[in-house]
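Chemist: Got a sequence here, can you model it:
(one chain, ligands or ions: 2)
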Amino acid sequence: MTTSKSTHHIARKRIVIKLGGSMLEGLCTTFFEQFHQLQQDGYDVVIVHGGGPSINAALANAGIESKIDNGLRVTCEKSSDVIKHVLISDVNTALVFQLNKEGIPAIGLSGFDGKLLTCSLLDEARYGLVGKIEKVNAHLLDTLLKAGILPVVSCIGASAEGKALNINADTVASEVALAIGAKSLMLVTDTPGIHVGNAKQHAATPLLLAKWITEGAIYGGMIPKVEAALTCLEAGIPAVHIVDQQLEGTVIEIEEVFS
Ligand SMILES: Nc1ncnc2c1ncn2[C@@H]1O[C@H](COP(=O)(O)OP(=O)(O)O)[C@@H](O)[C@H]1O
Ligand SMILES: CC(=O)N[C@@H](CCC(=O)OP(=O)(O)O)C(=O)O
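Modeler: Ligands and ions are numbered 1, 2, ... in the order given. Coordinates of the predicted model:
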């Protein structure tokens, strides 16, 4: 007999949803409707979040200059303290509060909690305290998901010596997606997917993405998203979506799906 309860006996699929800092001011009703729909469709969700705009504001407030190199924030000891505070104390707690208020049991985690994201330094001479993920504690995420709890992960990693390392949130999302064997990665941002000129792109392939980057149609904050997408596709995750809060935008798959 098929009842709503029977979904609990079916192996659940996994999806990672990355929330960009540009839309963390408040999640809209449509987002929560879509979120519940995904759960009903048999997906367990892990949320990863950034916080770029809040970090910019906090660093400016503290009189610390921000330098972005190749899409990554060059991070010194002083800025690292501010970033850690913004992401863990402000953004993560606000998001967890909002989810719990909507009746979604959520728990906040940084890379320190349960050794979730163990990192080395990506390139200290160039980027300072920016982390390269060496290991994701997928077992911890498995345990929480099986208990019906939504993990909400900030993009702060931990070095083996216990230093907080800043990581681009799109990169964290792709590494977490790979570690938990997600069927899909959804990068939620402030724009409904990739545009080329004024044209919305409903679908894309790695070849098209390379072309659009070369032509300069994809730039800035969209570059780490596309890189995260390519990493996931190459490793066998079937689809990556770059979408707005309504979950509308571009689906990226290896095969051309729109010819
Ligand atoms: N081809 C493109 N299509 C859409 N947005 C693009 C494109 N190229 C660059 N962008 C920029 O990327 C931004 C999203 O990246 P970012 O600001 O880092 O978002 P988030 O904070 O959600 O990670 C868009 O607001 C837009 O300015
Ligand atoms: C190393 C690095 O660049 N870290 C990012 C982390 C936040 C982030 O990625 O936030 P968005 O998702 O809003 O872009 C930063 O300091 O801005």
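
Chemist: Share the number of residues neighbouring the residue in the stretch 101-250 of the chain that ligand 2 sits nearest to, please.
Modeler: Proximity of the stretch 101-250 of the chain to ligand 2 (Cβ to the nearest ligand atom) peaks at A169, 3.5 Å away. C-beta here means a position set from N, CA and C on the backbone, and glycine is covered the same way. Residues near A169, counting by other Cβ atoms under 10 Å, number 27.

Chemist: what does P105 give?
Modeler: When neighbours are counted by other Cβ under 10 Å, P105 registers 12.

Chemist: any idea how far it lies from L145?
Modeler: Applying Cβ to Cβ, to the nearest Å, the value for P105 to L145 is 11 Å.

Chemist: Okay, and the beta partners of the residue lying closest to V188 once chain neighbours are set aside?
Modeler: Distances taken as Cβ to Cβ, 6 or more residues apart in numbering place L19 nearest to V188, at 5.2 Å, with adjacent residues excluded. L19 forms beta bridges with H49, V188, as assigned by DSSP bridges.

Chemist: low-scoring pLDDT stretches of the stretch 151-259 of the chain, where are they?
Modeler: 256-259 (pLDDT under 70).

Chemist: Now do the helices in it.
Modeler: Per DSSP state H, counting those that start in this stretch, the stretch 151-259 of the chain carries helices over the ranges 169-179, 206-215, 222-234.

Chemist: just these: most buried one?
Modeler: Most buried of the helices of the stretch 151-259 of the chain, by mean neighbour count (mean count of other Cβ atoms under 10 Å): helix 169-179, with a mean of 26.

Chemist: That one to helix 222-234, inter-axis angle?
Modeler: Following axes from the mean of the first three to the mean of the last three Cα atoms, to 10 degrees, one obtains 10 degrees for the angle between helix 169-179 and helix 222-234.

Chemist: Tell me which other helices or strands helix 169-179 touches.
Modeler: Identification of packing neighbours for helix 169-179 by 3 or more Cβ pairs under 8 Å, 6 or more residues apart in numbering; DSSP states H and E yields strand 13-19, strand 43-49, strand 131-136, helix 138-146, strand 184-188, helix 222-234.

Chemist: Please work out which of those is packed deepest.
Modeler: strand 184-188 (a mean of 26).

Chemist: Alongside ligand 1, which residues does the protein contribute?
Modeler: Counting by Cβ under 6 Å from any ligand atom, the positions of the chain adjacent to ligand 1 are 20-22, 50, 52, 189-191, 194-195, 217-222.

Chemist: from the middle of its chain, how far away would stretch 36-56 be?
Modeler: Computed by Cα atoms, centre = their mean, to the nearest Å, the chain-centroid distance of stretch 36-56 equals 7 Å.

Chemist: okay if I get the helices of the stretch 151-259 of the chain as TSV plus distance to Q34?
Modeler: Shown next, in TSV, are the helices of the stretch 151-259 of the chain (distance: least, Cβ to Cβ, whole Å):
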stretch	distance to Q34
helix 169-179	17
helix 206-215	24
helix 222-234	19
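
Chemist: What are the boundaries of the helices in the stretch 1-150 of the chain?
Modeler: 29-40, 52-61, 77-84, 93-101, 124-127, 138-146.

Chemist: Select from those helices the stretch with the lowest mean pLDDT.
Modeler: The weakest mean pLDDT among the helices of the stretch 1-150 of the chain belongs to helix 29-40, with a mean of 90.

Chemist: who's in contact with that helix?
Modeler: Applying Cβ atoms under 8 Å, 6 or more residues apart in numbering, the contact partners of helix 29-40 are 7, 15, 17, 45, 102, 104, 188, 245-247.
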